[in-house]
Every structure is written in C-alpha cells, then in structure tokens.
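Enquirer: Mind folding the following:
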Amino acid sequence: MKKRITRLSGKMKGQGRNRERPPLSFKYALWGCASGMAGVLAIMAVTRMAGHPLLIGSFGASAVLLFGAAESPFAQPRNLVGGHLVSAVAAVAVTAWLGSGPVAVALAVGAATLLMYLTRTIHPPGGATALIGVQGHAGLSFLVDPVLTGALILLTVALFTNNIVHHRHYPEQWW
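Expert: Numbers count the residues shown, from 1 in each chain. Predicted coordinates:
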C-alpha cells in the first residue's frame, strides 16, 4: 500500500503535451452547436405535445457528446440509450429501496457506473440520469418517460444532423 501511495503523484502527471491533437474546425463546432440546439428543441417540442417534461439535465451532456464528439465510444447509440436506461434502472431500484436521501443518491450513481461498465454501455451523462432519478423520486415510468423517449429523440436527431453534412458521420458502430 505504501508503494501505491508514493507512486500517486507520478501517475497524476499525465503523458505530457507530446500527443498530437486534431486541428480545430470552426465548421464542425458550428454544426455541433446547431445540432445540439436541434436535439434539445426536439425534446422540448415533444414535451409540449406530451404535456409533461421529457427533458432532464443529463440530456444536455449527452447532446455535447453526440454533437461535439460523435466519434467518441461514449457517444455511440448503444452507449447513449443503454447508458441512460441502466442508470434509470439503478435510480428506480435505489429509490424503491432507500428513498431519496444523500446515501441513496450516491448509491444510485455508483450502481449506475457499475451497471454501465458490466453492460458495456458507459455513457457519462448516465450518472446524472441516476442522480436526477433519485432526487425526483423516480418510479417505473421514469424508464420510458422521460429516459428512453428522450434518448431516442436525441439519437434520431444525431443520426440526421451528423449524416446530412459531408464532413461528419454517425455512428461509428451500432453495437
């Protein structure tokens, strides 16, 4: 254990700045901005038609991944939909078992991380879905409305906006 602790500072230094980053593209950034806005507006439009909210905070983070880093493994359809769903399952289960106190919130986020890892559906915004679910006293309906519905709306917009222009494509892989 002592060796691990003494190695911590060295491990925290990172790999340095020698890695080459891809060049910035204003066109890519601008299209990401427009696409992200379209995704959130689509969820809000369906929200208005449904008469109840489908927009949860974690979808904003999902939009950043889908429209700003579409090539990321975390932004792929399996991760987007699966990550939100398993995180919502964790939220519903923890809420039913422990309610919505601080320990329940922490446990839901931890359980969501575990479930996403085990199902190979890591989607970082899923942690926020679990947190929001517990804080909102989520019941079974949370799984479909807003989580599944909102994730599928974002996926649909991502499929359209990331493929309508020549400089982007999505997804890298479905499964």
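Enquirer: wait, Ala130 sits on Leu115?
Expert: No - look at Ala130 against Leu115 with Cβ atoms under 8 Å: they stay out of range, at 9.1 Å. C-betas here are computed from N, CA, C, even on glycine.
Enquirer: And these two? Which one has more around it.
Expert: Neighbours per residue, other Cβ atoms under 10 Å: of Ala130 and Leu115, the larger number sits with Ala130, 33 against 21.
Enquirer: Can you check the pLDDT for the most far-flung residue of the chain relative to its centre?
Expert: Most distant from the centre of the chain: Lys2, at 36.5 Å, with distances by Cα atoms, centre = their mean. Per-residue confidence at Lys2 stands at 83 (pLDDT).
Enquirer: if I look at it, how far off is Leu115?
Expert: 34 Å (Cβ to Cβ, to the nearest Å).
Enquirer: And for Leu131?
Expert: For Leu131, the distance to Leu115 - Cβ to Cβ - is 14 Å.
Enquirer: Next, please give the residue ranges for the strands of the chain.
Expert: Applying DSSP state E to the chain gives no strands.
Enquirer: mind listing the helices for it?
Expert: For the chain, applying DSSP state H gives helices covering 2-11, 26-50, 58-68, 77-98, 102-118, 125-135, 141-142, 149-164.
Enquirer: Give me the below-cutoff pLDDT ranges for the chain.
Expert: Where the chain drops to pLDDT under 70, the residues are 15-19.
Enquirer: Please name the residues that touch the most centrally placed residue in it.
Expert: Geometric centre of the chain, nearest residue: Pro125, 3.1 Å, by Cα atoms, centre = their mean. For Pro125, the contact set (Cβ atoms under 8 Å, 6 or more residues apart in numbering) comprises Ser58, Phe59, Gly60, Ala61, Ser62, Leu65, Gly83, His84.
Enquirer: what's near enough to touch Ala128?
Expert: Ala128 makes contact with Ile56, Gly57, Ser58, Ala61 under the criterion Cβ under 8 Å, 6+ apart.
Enquirer: Can you report how many residues lie near Ala34?
Expert: Number of residues near Ala34 (other Cβ under 10 Å) recorded here: 12.
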